[in-house]
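Undergrad: quick one, fold the following:
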Amino acid sequence: MKNKHTRQQKMEAFGRLLDVQHRLRKECPWDKKQTYESLRPNTIEEVFELCDALMKHDAPNICKELGDVLEHVMFYAMIGNEDGDFDVADVCNQLADKLMFRHPFINWKQEKGDWGIDNQPFTVSSNQLTINAKGQVVYKEDDTTATTESEDKPRTAGEVELTWEQIKQKERHGNTSVLSGVPDALPSLIKAYRIQDKARNVGFDWQKKEDVWQKVHEELSELETELAKEDKAASTQELGDFLFSVINAARLYHLNPDNALEETNRKFISRFNYIERETLKKGRDLKSMTLGEMDALWNEAKALEKKHK
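TA: Model prediction:
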């Protein structure tokens, strides 16, 4: 990292951005006309651009795209402020409260460390919350003794995940059920993974990961049966069941199916681009190539990949 900024410099940079966006909202015709509805498609695009940069481990573009996403966060907060609903301070304070509440094994009264404002102790912003004697953030009516989560401090990320959903269920005005926090608009592959993971966090899971393969084979057999009948509706349903079971298997083996599929997408694009380039070198177009000729070029591309690994 070229420049490690101080906490004060980071706060000043955030304030500068706040001022810039506030002025643009007042003076720029485009900024002035934006609403939640008009910004939403742009927000989705910016998040996908950030994901592209993350997959490529492209640090300069990760920094740039994070800024674009942050701009949208600030924009929505400005609109919320104009409507009298909330502002960016509310966004930050609610997030801080939520994170502190969801980590009951952290002693938020502990003052030693490179955190806090001028070495001041941590506080909560919500008048419904308090920090109890053992440093846990709890609801005031529940403030009796420290909850059991703090007695056995998790040592791994996996141990934290095991209690995450249970802790979320204790939040007021939060998710009403374990799966209600999964966004409807989430891409289906990622949604399936998140649904399964959330169910796992409350104990609904295979006891042995190897047992999942019987389910995968069962779903594949049912899919093949419906395909043979040429029943499109039933085949579509069975295809969904089969894909869901494969995603479940990936999760159980600690593999990210979205990352795996994206790697295969990129591999296919790279190989197909090779076929197209080599075809053009021969003065031909793809439609004039036989499947055998394209397969031969495909294998050449695979061989080159192995050579450069």
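Undergrad: other SSEs contacting the helix or strand harbouring Asp19?
TA: Using DSSP states H and E, Asp19 falls within helix 7-27. Where contact means 3 or more CB pairs under 8 Å, 6 or more residues apart in numbering; DSSP states H and E, helix 7-27 is packed against helix 29-33, helix 59-82. Any C-beta I mention is one placed from the backbone N, CA and C, and that applies to glycine too.
Undergrad: any chance of those helices in CSV, with mean pLDDT too?
TA: Rendered in CSV, the data for the helices and strands packed on helix 7-27 read as follows (pLDDT from 0 to 100):
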stretch, mean pLDDT
helix 29-33, 95
helix 59-82, 96
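Undergrad: any weak-confidence spans in this structure?
TA: 1-3, 112-119, 143-152, 158-159, 162, 164-166, 168-170, 172-176 (pLDDT under 70).
Undergrad: make it 50
TA: 146, 148-150 (pLDDT under 50).
Undergrad: out of the helices and strands packed on helix 7-27, which comes closest to Glu224?
TA: helix 59-82 (42.6 Å; CB to CB).
Undergrad: buried set for the closest one?
TA: 65, 71-72, 74-81 (16 or more other CB atoms under 10 Å).
Undergrad: nearest to Glu27, of those?
TA: Looking across the buried residues of helix 59-82 and measuring by CB to CB, the closest to Glu27 is Met78, at 13.4 Å.
Undergrad: just give the closest residue to that closest one, not the sequence neighbours.
TA: Arg25 (5.6 Å; CB to CB, 6 or more residues apart in numbering).
Undergrad: what about the strands in this structure?
TA: All strands of the chain, identified by DSSP state E, fall at 129-131, 137-139.
Undergrad: out of those strands, deepest packed?
TA: strand 137-139 (a mean of 20; mean count of other CB atoms under 10 Å).
Undergrad: count of neighbours near Asn248?
TA: Asn248 has 25 neighbours, counted by other CB atoms under 10 Å.
Undergrad: tabulate the buried residues of helix 59-82 (TSV), appending distance to Val124.
TA: Output for these, formatted as TSV (distance: CB to CB, whole Å):
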residue	distance to Val124
Glu65	32
Glu71	28
His72	27
Met74	23
Phe75	27
Tyr76	23
Ala77	20
Met78	25
Ile79	26
Gly80	21
Asn81	22
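Undergrad: run a quick neighbour tally on the closest residue to Leu304 other than its chain neighbours.
TA: Nearest non-adjacent residue to Leu304, counting by CB to CB, 6+ apart: Tyr274, 7.4 Å away. For Tyr274, the neighbour count with other CB under 10 Å is 17.
Undergrad: same deal with the one 3 residues further on?
TA: Applying other CB under 10 Å, we find 11 other residues in the vicinity of Arg277.
Undergrad: measure Asn248 to Leu255 for me?
TA: As judged by CB to CB, to the nearest Å, Asn248 and Leu255 stand 11 Å apart.
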